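Peer 1: got a predicted model here, sequence first, then my questions.
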Amino acid sequence: MALSVQNYVKLANFYNEMATVLSAICVEKGGIAIENYVGRFFAADVLEYVVEYGNRLKKSGEMIPDEIQSMMDLFEKQFEKVKNLTTPNQKPIYEMTLEEFEKVMNI
């Protein structure tokens, strides 16, 4: 996937929609706290990917609008709170090949 602001916005929108669904699941399961929901680990992995994509986009030199930059900063702050929940491995998920990812996920 070529680095672009449009792709970043798509990833950010996916994360936001997913967070909404995770909250709805927690409500449906009796109002459990999101901190106690097993899906929080997946959400942390997705957020890690979104943040890293943003970091690489910044380094690419592409012009990033102010509102997108603000969104990147917000995601970075959110990630700092949950980075201990990301999947532990030798290599960050965003640097894995598909084969490495499948092996780690036991697919």
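Peer 2: Now that the structure is in, tell me what you want to look at. Remember, it's a predicted structure, so these values are computed and weren't measured experimentally.
Peer 1: from here on, contacts and neighbour counts on C-alpha atoms
Peer 2: Will do.
Peer 1: Provide a list of residue ranges in the chain with pLDDT below threshold.
Peer 2: Applying pLDDT under 70 to the chain picks out residues 1, 89-90.
Peer 1: so which residues of it form helices?
Peer 2: 5-28, 40-60, 66-82, 98-105 (DSSP state H).
Peer 1: give me the contact list for the shortest one.
Peer 2: The one in question is helix 98-105. Residues from elsewhere that reach helix 98-105 (C-alpha atoms under 8 Å, 6 or more residues apart in numbering): Ile93.
Peer 1: list the contacts of the spatially most central residue of the chain.
Peer 2: The centroid of the chain falls nearest to Leu47 when counting by C-alpha atoms, centre = their mean (1.8 Å). Neighbour list for Leu47: 15, 75, 79 [criterion: C-alpha under 8 Å, 6+ apart].
Peer 1: nearest to Gln69, of those?
Peer 2: Phe75 (9.9 Å; C-alpha to C-alpha).
Peer 1: was I right about that closest one contacting Val51?
Peer 2: Yes. With contact defined as C-alpha atoms under 8 Å, Phe75 counts as touching Val51 (6.4 Å).
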